[in-house]
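Asker: From the sequence below, what's the structure:
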Amino acid sequence: MSIAATQQRFLNAAFGALMLLLVGGVTPSVIMAQETEPPVSTTETHDHHHDADTTTADVTEGATEEASEESGTESRPAFIQFHGSASLSADAYDWSATSPTFRPRMPESFLQLMMNSELRIGEFFTLPFNIMVSPQQTNVTTPWAANQSIGQFLANQMNTISIAPKYGWAQLYIGSHTPGYSELTFGDVQVFGGGIDLRPGKFRFSASAGIAQRGVEVDTAQGMRGAYEQHAFLARIGYGDETDERQVSFAVNIARMQDDTNSIHNVLQKIQIELPDSVDSSVFLKPAPIFTRHDLMPTPTEGASLSFSCRVPFGEGFSFMGEAATTNFTRDLSAEAIDDEIPLLSDVMQQRISSRIDYAVSGSVGFNRPEYGIAVKGLLIGPGFVALGYPQMQADRQDITVNPRLNLFENRLNITGAIGQRTNNLSGTKAETSNQLIGTATISAQVMESLSIDANYNNMGMTTNNRIDTFRIHNVTQSYSITPTYVLAGEEMTNTFSATFGVDTYNDYNIISGPENNTQTQTIAATWGMTLKEFPLNTTVALNNTHQAMAFNDVTINSATVAVGYAFAEGRLRPSVTAGWSGSSIGQEENTRISARLGVQWEATDWMTLSLSASTDRNSYTGTTTAAGDATENYLQTSLSTRF
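Answerer: This is a model prediction of the structure:
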């Protein structure tokens, strides 16, 4: 048996043992006693350094609150407290089809364990411990590993294993964490490693190091692309709380990322080229093989980033927030090295012919009052700038947006909006430059206690400066919708009525292809919900009609859903039934789906809940294409959760 297969078997066994321990073995009888007053919330201001971090524990306080109410007395919280929640879910999927084009929509089985807990000792020490793991690979940021090792399992960004002890103003991060430093350096990539955050007084110091991307070997047999293991090193030093608009704050942010070229095997491919024969080059050609990097091999990269960010309030209600950043990025570590010494840059990393340095700046000015406010934001990114912690950030562009807001009549009328323009190809290195105009508006009105109305409008237009009319891009997308909601509350029941009317249009103004691409989509939806106050029954009915008009075909989709829920045993046993139908047509092609779902939730004890859901979908395809046929999908979901 291979080492990778042995590791996978050990991983599955360890995962099963951990689930039994956390879900089956954790009961209130083995948890430290807690006194009746609810514990102090753990959601205090944590760390802008980890804005998107998953280490904040979900605190369960319901049991202690009920005990306090029943006793009618107030007592001090226990010196040592341990509380949280855990759940184990297992899904199974099965399908059968006569249509040769049908493809399954999900894996045959899926298992996941989640746990959010916290140990608190006194008022100064807390130990959050969070887990969200699955033995199956669900990561979409790196390729699929054929034989997942323990190291690849831990570094998978879809898994989270996090411990974050905190004592006073010092906190450590062990395992999975997402450092959120700034908008232009790092903040959207999970790191598996360690971190520290120190906040003595108004001073701030943060640092993290670990694996930002797991390594995956190239699989030429399956055509799977590989990925290098990527290491990240981050640091931040600053002053003040940048989340408080009333305080002056500033920080210096540093990020360093590098692919480990030894983390996966180098795979080569042989290419045959024809070379002139050494005897008579005018007559004979001799084929010769050369070896190059395989097409499935990734390109190794590395980069370093430095930025300065600040927030400065001025005047009454005004504030400025901005950041200036620069990156030195190498797009190919195998490129030829530059021997000449470059001041500062050569001290950070080896410069190569594929290395480039560029900058980005952002800034915003805001004015806020309780009833109104406005913010003007600007962003400029150079063509060679790479935000190490934001892989999807587009370079070589300029954004300008204005965001006004208005709250009237004691917040019964809220109006927000945004209008902006994006321009790319600032460097002029591309064949054409595009301009995008974006505008949005949202209105939320509480007309009366029982009636509310929400309305939305979105506009996005795009143009390019191509001189040839037939190649020029000029299109506008608009959408608007209105949703009134009426709540009729009586002595015996509450009825909720909601309706939505929306229109989406796409207009292409190209003189050649425009008429063929124009589309208009209209959606009408209605929902009715009924809840009885003394009888534990609730019902929901939803109807939807969508019609899309195109140049050559029209698409119509109709659907109806009915759901009924009931509660037995003083609300501890809650079954539900859902039935649905949908039909769609595209020209002569038709699709009909009939679905049914049965669910039940059982609170077996005050600390444990079992949920079960079974559903089936029957799809029928008719028409003249090869997609005609039937397909049936069955889906079973189970979960066991506990609170402690």
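Asker: use CA for all of it now, contacts and neighbours both
Answerer: Fine.
Asker: What distance do you get for the residue lying closest to Gly180 once chain neighbours are set aside to Ile254?
Answerer: The spatially closest residue to Gly180, leaving aside those adjacent along the chain, is Gly187, at 3.8 Å (CA to CA, 6 or more residues apart in numbering). According to CA to CA, to the nearest Å, Gly187 and Ile254 sit 12 Å apart.
Asker: Repeat that for Ile468.
Answerer: From Ile468 across to Ile254, the span is 45 Å (CA to CA).
Asker: Those two: which has the busier surroundings?
Answerer: The neighbour comparison of Ile468 against Ile254 (other CA atoms under 10 Å) goes to Ile254, with 22 against 7.
Asker: Assumed the more buried one was part of a strand.
Answerer: Yes - if the criterion is DSSP: H, G, I helix; E, B strand; the rest coil, then Ile254 is within a strand.
Asker: sorry, back to before: quick one, grab the pLDDT at the residue nearest to Gly180.
Answerer: Gly187 carries a pLDDT score of 87 in this model.
Asker: start at 603 instead
Answerer: Right, with 603 as the first residue, what we last looked at is Gly789.
Asker: Any figure for the gap between it and Gln739?
Answerer: Gly789 is 24 Å from Gln739, by CA to CA.
Asker: Kindly report the same for Gln1124.
Answerer: Computed with CA to CA, the distance linking Gln1124 and Gln739 is 39 Å.
Asker: likewise Arg1014?
Answerer: Arg1014 sits at a distance of 47 Å from Gln739 (criterion: CA to CA).
Asker: Compare the two and say which is more crowded by neighbours.
Answerer: Legend: neighbour count by other CA under 10 Å for Arg1014 and Gln739, higher for Gln739 (18 against 14).
Asker: I'd like to know how far that one sits from Thr1240.
Answerer: Distance from Gln739 to Thr1240, by CA to CA: 19 Å.
Asker: do the same with Thr863
Answerer: Relative to Thr1240, Thr863 is positioned 42 Å away (CA to CA).
Asker: next one: Pro915
Answerer: 52 Å.
Asker: repeat for Tyr769
Answerer: Separation of Tyr769 from Thr1240 (CA to CA) stands at 38 Å.
Asker: just Gly1063 next, same as before
Answerer: Using CA to CA, Gly1063 is found at 46 Å from Thr1240.
Asker: any idea of the mean pLDDT in the one helix or strand Met923 maps to?
Answerer: Using DSSP states H and E, Met923 maps to strand 920-932. Across strand 920-932, the average pLDDT comes to 95.
Asker: Flag the helix or strand of this protein with the lowest per-element mean pLDDT.
Answerer: Every helix and strand in the chain was compared by mean pLDDT, DSSP states H and E; the lowest is helix 664-673, with a mean of 43.
Asker: chain center to the helix or strand following that one, what's the gap?
Answerer: Using DSSP H and E, the next helix or strand after helix 664-673 towards the C-terminus is strand 682-699. Centroid separation for strand 682-699 versus its chain: 20 Å, with CA atoms, centre = their mean, to the nearest Å.
Asker: and if you look at stretch 832-848?
Answerer: 22 Å.
Asker: What are the contacting residues of it?
Answerer: With contact meaning CA atoms under 8 Å, 6 or more residues apart in numbering, stretch 832-848 is reached by 650, 783, 793, 804-817, 849-862, 912-915, 921.
Asker: mind listing which of those are in helices?
Answerer: Among the contacts of stretch 832-848, no member falls in helices (criterion: DSSP state H).
Asker: Now, of those, which are buried?
Answerer: 650, 783, 793, 806-817, 849-862, 912-915, 921 (16 or more other CA atoms under 10 Å).
Asker: Do a quick rundown of the helices in the stretch 853-1002 of the chain.
Answerer: 947-950 (DSSP state H, counting those that start in this stretch).
Asker: quick one: contacts for the nearest residue to Glu710 once chain neighbours are set aside?
Answerer: Distance criterion CA to CA, 6+ apart; nearest residue to Glu710, sequence neighbours excluded, is Tyr695 at 4.6 Å. For Tyr695, the contacting residues are 708-711, 1235-1238, by CA under 8 Å, 6+ apart.
Asker: give me the beta-bridge partners of Tyr695?
Answerer: Per DSSP bridges, the residues bridged to Tyr695 are Tyr1237.
Asker: That one and Thr1240: what is the separation?
Answerer: Distance from Tyr695 to Thr1240, by CA to CA: 12 Å.
Asker: go on, Thr1044?
Answerer: According to CA to CA, Thr1044 and Thr1240 sit 39 Å apart.
Asker: likewise Ile776?
Answerer: For Ile776, the distance to Thr1240 equals 31 Å [CA to CA].
Asker: ok, back up a step: looking at Tyr769 and Thr1240 now, which is surrounded by more residues?
Answerer: Taking neighbours as other CA under 10 Å, Tyr769 and Thr1240 compare with Thr1240 leading, 18 against 14.
Asker: What is the neighbour count of Thr1066?
Answerer: With other CA under 10 Å as criterion, Thr1066 counts 18.
Asker: What are the neighbouring residues in contact with it?
Answerer: Per CA under 8 Å, 6+ apart, neighbours of Thr1066: 1034-1037, 1074-1076.
Asker: so what's it closest to, chain neighbours aside?
Answerer: That would be Ser1036: by CA to CA, 6+ apart, it lies 4.2 Å from Thr1066.
Asker: Model confidence for the one you found, exactly?
Answerer: pLDDT at Ser1036 comes out at 90.
Asker: same deal with Glu1136?
Answerer: 84.
Asker: okay, now it: neighbour count?
Answerer: 9.
Asker: Can you pull the phi/psi pair for it?
Answerer: The phi/psi pair for Glu1136 (degrees, to the nearest 10) reads phi -100, psi -10.
Asker: any idea how far it is from Gln714?
Answerer: Relative to Gln714, and taking CA to CA, Glu1136 is found at 37 Å.
Asker: ok, now Ile1002?
Answerer: For Ile1002 relative to Gln714 (CA to CA), the value is 42 Å.
Asker: now swap in Val793 and tell me
Answerer: On the measure of CA to CA, Val793 and Gln714 end up 20 Å apart.
Asker: just Ser957 next, same as before
Answerer: In this view, Ser957 and Gln714 are 42 Å apart by CA to CA.
Asker: Quick one: distance of stretch 764-773 to the chain centre.
Answerer: On CA atoms, centre = their mean, the centre of stretch 764-773 falls 25 Å from that of its chain.
Asker: How about stretch 954-965?
Answerer: With CA atoms, centre = their mean as the basis, the mean position of stretch 954-965 lies at 27 Å from the chain mean.
Asker: residues of that stretch that come out buried?
Answerer: Result for stretch 954-965 [16+ other CA under 10 Å]: buried residues 954, 956-965.
Asker: shouldn't Gln1190 be in contact with Gly1225?
Answerer: Yes - taking contacts as CA atoms under 8 Å, Gln1190 lies within contact range of Gly1225: 6.0 Å.
Asker: Quick check on those two: which one has the bigger neighbour count.
Answerer: Taking other CA under 10 Å, Gln1190 and Gly1225 do not tie; Gly1225 has more neighbours (15 against 11).
Asker: Leaving out chain neighbours, which residue sits closest to that one?
Answerer: Glu1191 (4.6 Å).
Asker: what residue ranges in the stretch 1103-1246 of the chain score low on pLDDT?
Answerer: 1226-1229 (pLDDT under 70).
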